[in-house]
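In: any chance you can model this:
(one chain, ligands or ions: 1)
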Amino acid sequence: MYSPPLPATKDVVLIGGGHAHALVLLKWGMRPLPGARLTLINPGPTAPYSGMLPGFVAGHYQRQDLDIDLVKLARFCGARLILGAADGLDPQARLVNVPGRAPIAYDFASIDVGITSEMPDLPGFATHGVPAKPLGTFASSWEAFRSDQGRSDPAHIAVIGGGVAGAELVLAMAHALSRQGRLGQATLIDSGPVLGQASPEVAKRLRRAFSEHRVSLVENTGVDRVEPGLIHLSDGREVLSDFTTGAAGARPHDWLAGAGLTLHQGFVTVDETLQSSDPNVFAVGDCAHLGFSPRPKAGVYAVRQAPILYHNLRARLTADPLRRYRPQKDYLKLISMGRKEALGDRFGLQFSGALVWGWKNRIDQAFMEQFRHLPQMEQVKLPAEHTYDLPEALGDKPMCGGCGAKAGRGALRAALTALTPLQRQDVTALPGDDAALVQTGGVQQVITTDHLRGLVLDPVVMARIAAVHALGDIWAMAAAPQVATANLILPRLTPALQQRTLSEIMSSAGEIFHAAGADIVGGHTSIGDELSIGFTVTGLCPSAPVTLAGAQPGDVLILTKPLGSGVIMAAEMAGAAKGDWVAAALTRMCQPQGAAARILSGAHAMTDVTGFGLAGHLLGLCEASGLAAQVDLAAVPLMQGAAELSAGGIRSSLFEENRAIAPGLPRGAEADLLFDPQTAGGLLAAIAPETADKVLKQLQDAGYSAARIGSLTSGTAELHLI
Ligand SMILES: Cc1cc2nc3c(=O)[nH]c(=O)nc-3n(C[C@H](O)[C@H](O)[C@H](O)COP(=O)(O)OP(=O)(O)OC[C@H]3O[C@@H](n4cnc5c(N)ncnc54)[C@H](O)[C@@H]3O)c2cc1C
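Out: The predicted structure follows:
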């Protein structure tokens, strides 16, 4: 029997992709809770695992080895991922603030944002130093420093803060630079004794490692200021340092001070259930203070809190009893020592060497393995009895969103031929163009409509993409956007969640239309199985619109955005795209093209590259202009990851239909991307050759990854690769 999707009734918002939240999401994905809508907020698409950071710094691991891919994790558990840093929480209104978008409403929230090692009181550190936390920023800065071959040798490094984390970091950095043959001076600085909090035996073994790695110690001495290449100590001495790291103490994030929750020295005080002073807000990991039983800041507590948080969040949603968290008194510490050696410390016993490193490596890899091989999205299970051709129609992969979910060019053309010829004198047919031209009281107006099946769960990003996409037809005609109406299908939600979602869609789409000079004046909303956002848009043409027809032999072809959104989002659905690639592709899709259209307003012909792919839209331009196209495949800009995914066999749902229009073109990973359906893709313009260089430079100066991708010649409407 058909069972429709269940409505969502409650919003759970996880702030920060820290260790505890990552594990909660993993468990949630294995056992979703019907009715709950999950959101994760994190500044970037990945979150590094601290246990492997020293090994990465030392050069034993690659960056991707220690990154938890939050895009894949969010897809696995059906959570929307908001890429941004929260900077405020209003427990009364139940809103989280993330700059650049409307506040995010929640019913239950949890904070797992870690700490920072910034040193705002140390002059020069903010500009010339790199805090060890957040780990992601630190890892990127170190990677850039380590791989910068242009730097003068030898390289000097220093770590301020002589605790265990500082010791691990300085040993790892010294080891990495030694292996490169670049180690100059490596210094560990502390205002007290180095490893003053560690047991004498741990301190003894690590001190031995310092001397083996040629690490100098500066103890019981403060730092006055940090300058490029130099640290000034309080006793007047100077330490050479081209890369200065801070690992001294744990600072809470400043914004928590204004979150309206009870704090202890800036950390969110929680009780045994991990609830803060507001029972609807939980806090875990380093940013939480265990008021009932304080503990030092260590990832092991964040990891152990995860099952309790998972249970208690669900218990609040199902009205079940909450569980108590009992932190362990001691835990196994495994400390990296530069080379592939580690020091173990538990119950007063110490053990070190290569075997301990191997043991630590196995534990860390096992932790990360949980996130590396997430189960794939289940294929629809067909009932035993069905039409004979249903499996073929269903295909072997889930249907794409965005333009990958459009009807094919062939089906569309066949249906359009059945349309009755135009009867009105004030409407001009523009064969192949997506917008129609209408004469209204002496004014030329273009009108178009477009809508997209959701490709991400965040209505804000989806609305931005849909608005840019719908405006594409107007911009491609060099018309000025005028007015829009919205056509929305919302998934089943309670009235409260409907209101939240609608506000997010309308405010974010409104910003795009407003910036384009147009207003949203109304629309229509209905409820369906899944989110779909579309707009009908009009534009005014002060002069003759630019259409597909009109290109001249010898015109240069210019494309304003790289290709690849179809293949990247198809891979994202299959859990096969890297989070960084997806985040970059979404940013491209959200990029408006108003400025590009103005720069290209003198084009002989123009279109926007969408569902039919570059090849389909270029062929349309060739047919309307009666020309052939030469495409320089090597010059076609591609999104990061697109070629790799295409080479791996990933294709969008619409690919085969698109590919069928030019069976003569050679196949291949990059050639196939010419047929990749684009969502909110770039403008493709035919430009007079004498102006092409100037126009291209203007586009690049305006922030577009524009490229000259070929030219038009006399001949039948065909594409040729050069
Ligand atoms: C060099 C080093 C080595 C370490 N080694 C170990 C070890 O071996 N074992 C151990 O137990 N501990 C170790 N620690 C400590 C460990 O790093 C932390 O205790 C652990 O990372 C805490 O996890 P967490 O869940 O609190 O948050 P984190 O892992 O710090 O993650 C916080 C997340 O929140 C995000 N975030 C930050 N601000 C915001 C915001 N405003 N909005 C949204 N998201 C935000 C961050 O980008 C990040 O993804 C080490 C620390 C260092 C510096």
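In: nearest spatial neighbour of the most centrally placed residue in the chain, skipping sequence neighbours?
Out: With distances taken as Cα atoms, centre = their mean, the chain has residue 583 as the residue nearest its mean C-alpha position (2.8 Å). Counting by Cβ to Cβ, 6 or more residues apart in numbering, residue 583 lies nearest to residue 45, which is 4.3 Å off, once chain neighbours are set aside. C-beta here means a position set from N, CA and C on the backbone, and glycine is covered the same way.
In: pLDDT on whichever strand or helix holds residue 523, on average?
Out: Using DSSP states H and E, residue 523 falls within strand 519-527. Mean pLDDT, computed over strand 519-527, is 93.
In: same check, this time on stretch 73-81
Out: For stretch 73-81, the mean confidence score works out to 95.
In: so what touches that stretch?
Out: Under the criterion Cβ atoms under 8 Å, 6 or more residues apart in numbering, residues 14, 22, 25-26, 28-29, 32, 37-40, 42, 45, 70-71, 371, 374-375, 377, 456-458, 572-573, 575 lie in contact with stretch 73-81.
In: could you dump it to PDB, C-alpha only?
Out: Taking C-alpha atoms only, stretch 73-81 is exported to PDB below (Å, rounded to 0.1, in the frame of the first residue of the first chain):
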ATOM      1  CA  LEU A  73      27.500  12.600   7.200                       C
ATOM      2  CA  ALA A  74      24.600  15.000   6.900                       C
ATOM      3  CA  ARG A  75      23.400  13.300   3.700                       C
ATOM      4  CA  PHE A  76      23.600   9.900   5.400                       C
ATOM      5  CA  CYS A  77      21.400  10.900   8.300                       C
ATOM      6  CA  GLY A  78      19.100  13.300   6.300                       C
ATOM      7  CA  ALA A  79      20.300  16.400   8.200                       C
ATOM      8  CA  ARG A  80      20.500  19.800   6.500                       C
ATOM      9  CA  LEU A  81      24.000  21.200   6.800                       C
END
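In: so which bits of this structure are right by the ligand?
Out: 15-20, 41-43, 47, 50-51, 53-54, 85-86, 112-114, 132-134, 136, 165, 168-169, 247, 253, 285-287, 297-300, 302 (Cβ under 6 Å from any ligand atom).
In: all the strands of the stretch 351-500 of the chain, residue numbers only.
Out: Using DSSP state E, counting those that start in this stretch, the strands of the stretch 351-500 of the chain run over 427-428, 436-440, 443-453, 480-490.
In: need these in a markdown table (columns: mean neighbour count).
Out: Output for those, formatted as a markdown table (neighbours: other Cβ atoms under 10 Å):
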| stretch | mean neighbour count |
| --- | --- |
| strand 427-428 | 14 |
| strand 436-440 | 15 |
| strand 443-453 | 20 |
| strand 480-490 | 21 |
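In: redo those strands as CSV? Include mean pLDDT.
Out: Supplementary listing: the strands of the stretch 351-500 of the chain in CSV, determined by pLDDT from 0 to 100:
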stretch, mean pLDDT
strand 427-428, 83
strand 436-440, 86
strand 443-453, 90
strand 480-490, 96
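In: out of these, which gets nearest to residue 610?
Out: Closest to residue 610 of the strands of the stretch 351-500 of the chain, according to Cβ to Cβ: strand 443-453, at 7.9 Å.
In: am I right that residue 172 is in a helix?
Out: Yes: under DSSP: H, G, I helix; E, B strand; the rest coil, residue 172 sits within a helix.
In: neighbours around it, how many?
Out: 25 (other Cβ atoms under 10 Å).
In: next: the one 4 residues further on.
Out: A count of nearby residues for residue 176, using other Cβ under 10 Å, gives 22.
In: residue 180 now?
Out: Neighbour tally, residue 180, other Cβ under 10 Å: 15.
In: and for residue 522?
Out: Residue 522 has 9 nearby residues by other Cβ under 10 Å.
In: hang on, it packs against residue 485?
Out: Yes: look at residue 522 against residue 485 with Cβ atoms under 8 Å: they come within range, at 5.0 Å.
In: burial check on whichever residue of the stretch 301-450 of the chain sits closest to the ligand, number of neighbours?
Out: At 3.6 Å from the ligand, residue 302 is the closest residue in the stretch 301-450 of the chain, using Cβ to the nearest ligand atom. Counted with other Cβ under 10 Å, the neighbours of residue 302 add up to 24.
In: repeat that for residue 524.
Out: Neighbours of residue 524 using other Cβ under 10 Å come to 11.
In: the one 10 residues further on too?
Out: Here the neighbour count serves as a burial measure; for residue 534 (other Cβ under 10 Å) it reads 22.
In: drop anything exposed from the contacts of stretch 73-81.
Out: For the contacts of stretch 73-81, a neighbour count by 16 or more other Cβ atoms under 10 Å gives the buried set as 14, 22, 25-26, 28-29, 37-40, 42, 45, 70-71, 371, 374, 456-458, 572-573, 575.
In: and those, which of them are in strands?
Out: Secondary structure defined by DSSP state E assigns 14, 37, 38, 39, 40, 42 of these to strands.
In: the fifth one and residue 87, how far apart?
Out: Residue 40 sits at a distance of 16 Å from residue 87 (criterion: Cβ to Cβ, to the nearest Å).
In: repeat that for the second one.
Out: Residue 37 is 23 Å from residue 87, where distance means Cβ to Cβ.
In: next: the fourth one.
Out: If you measure residue 39 against residue 87 using Cβ to Cβ, the figure is 16 Å.
In: lovely, talk soon.
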